[in-house]
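Chemist: sequence plus the predicted model coming up.
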Amino acid sequence: MEDVQNTPAEVAMPIDSVGVRNLSLPISVSRREGGAQSTVALVELGVDLPAHFKGTHMSRFIEVLERRQEDLSYKTVRGLLENILERLDARKARVTFEFIFFMPRPSPVSKSTALQSYRCKITGELSRAGENRLDFILEVIVPVMTVCPCSKAISSEGAHSQRTEIRLTLYLKNFCWLEEFIEIAETSGSSPVYPLLKRDDEKFVTEQAFANPCFVEDVVRNIAEKLENHQHISRFTAEVESFESIHAHNAFARIER
């Protein structure tokens, strides 16, 4: 049968990335305390396409994904991308896994435990140039609570507080535990967010948060200070967005290193 994809393109122009996306696949993510967590990822997989090829072979992406190892790690992502480069005779390949990671979160006083969910993304980029260097990028979104220092300073009673979202983009040089970066984020605001709180817990969280008021500027600096000298991070972006409770806008701050 004719291989139309390998015929000359009508417009001889290279394509930066072409592939498949929105594939749902089961994966497992190693847990720091041992074992692995099963979850489901939305996957995107693409390669570059030279100017002289009309199209890529979409079915080969699916074949490679079906033969992959389910555990998601630095090593398995590299292996997947190496396989893609070989099967599609490409120079560059990129894969993204978007998934939900769950951590058991005990409340601070009653120790009532429930699962807290975190939106995560792992991206791998591999090129034949530069000795097959792998860019391994971890993204995670962590909710925290913040109390406004200005509001607390000028008010005779209370201060306004709000949910705040921390978004980390980390270029990793080696394997790291996902839990480590979640904890860095959660300890950088006025208080972590908990999935289950009893009355004693609510009292503790409220008092803890009001004793530690933070602007978005404070939060992003707290995070950057912890990430700046991390031995396994080559580059990072930390962004903090506060969903303001008394303003008609959101506040944000970002540091890139």
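Modeler: Received the coordinates, thanks. Only a predicted model underlies this, so the values are computations on that prediction, with no experimental measurement involved. Numbering: from 1, shown residues only.

Chemist: isn't S38 right next to L25, touching?
Modeler: No. Taking C-beta atoms under 8 Å as the definition, S38 is not a contact partner of L25, at 11.5 Å. C-beta: built from backbone N, CA, C; applies to glycine.

Chemist: which one's more surrounded, these two?
Modeler: Higher neighbour count among S38 and L25: L25, with 14 against 9, using other C-beta atoms under 10 Å.

Chemist: mind checking the SS state of the more buried one?
Modeler: Three-state assignment for L25 (DSSP: H, G, I helix; E, B strand; the rest coil): strand.

Chemist: cool, R32 as well?
Modeler: Here R32 is recorded as coil under three-state DSSP.

Chemist: distance check, it against P50.
Modeler: 43 Å (C-beta to C-beta, to the nearest Å).

Chemist: now swap in F175 and tell me
Modeler: Computed as C-beta to C-beta, the F175 to P50 distance reads 33 Å.

Chemist: next up, the contacts around the closest residue to A185 other than its chain neighbours.
Modeler: For A185, ignoring the flanking residues on the chain, the nearest one in space by C-beta to C-beta, 6 or more residues apart in numbering is V142 at 3.7 Å. Neighbouring residues of V142 by C-beta atoms under 8 Å, 6 or more residues apart in numbering: Y118, E165, I166, R167, L168, I182, A185, E186.

Chemist: burial of E256, as a residue count?
Modeler: Neighbour count of E256, defined by other C-beta under 10 Å: 10.

Chemist: hang on, isn't it packed against T237?
Modeler: Yes. E256 lies in contact with T237 (C-beta under 8 Å); the separation is 4.7 Å.

Chemist: just to revisit the earlier point, got a ChimeraX select line for the buried ones in the contacts of V142?
Modeler: Applying 16 or more other C-beta atoms under 10 Å to the contacts of V142 leaves a buried subset, and the ChimeraX line that selects it is:
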select :118,165,166,167,168,182,185,186
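
Chemist: mind checking which of the contacts of V142 are in strands?
Modeler: Y118, E165, I166, R167, L168 (DSSP state E).

Chemist: now, which of those residues sits nearest Y194?
Modeler: Y118 (13.4 Å; C-beta to C-beta).

Chemist: which strand residues bridge that closest one?
Modeler: F101 (DSSP bridges).

Chemist: right, and it touches F101 too?
Modeler: Yes. Distance between Y118 and F101: 4.9 Å, which falls inside the contact criterion (C-beta under 8 Å).

Chemist: what sits in contact with each of those two?
Modeler: Common neighbours of Y118 and F101 (C-beta under 8 Å, 6+ apart) are V140, L178.

Chemist: for R31, grab phi and psi.
Modeler: When read as degrees, to the nearest 10, the backbone of R31 gives phi -110, psi 140.

Chemist: mind checking pLDDT for it?
Modeler: For R31, the pLDDT comes out at 93.

Chemist: contact partners for it?
Modeler: Residues counted as contacts of R31 (C-beta under 8 Å, 6+ apart) are Q37, E179.

Chemist: now for the host helix or strand of E202, which elements pack on it?
Modeler: Per DSSP states H and E: E202 is located in helix 199-210. Judged by 3 or more C-beta pairs under 8 Å, 6 or more residues apart in numbering; DSSP states H and E, helix 199-210 is in contact with strand 134-147, strand 191-192.
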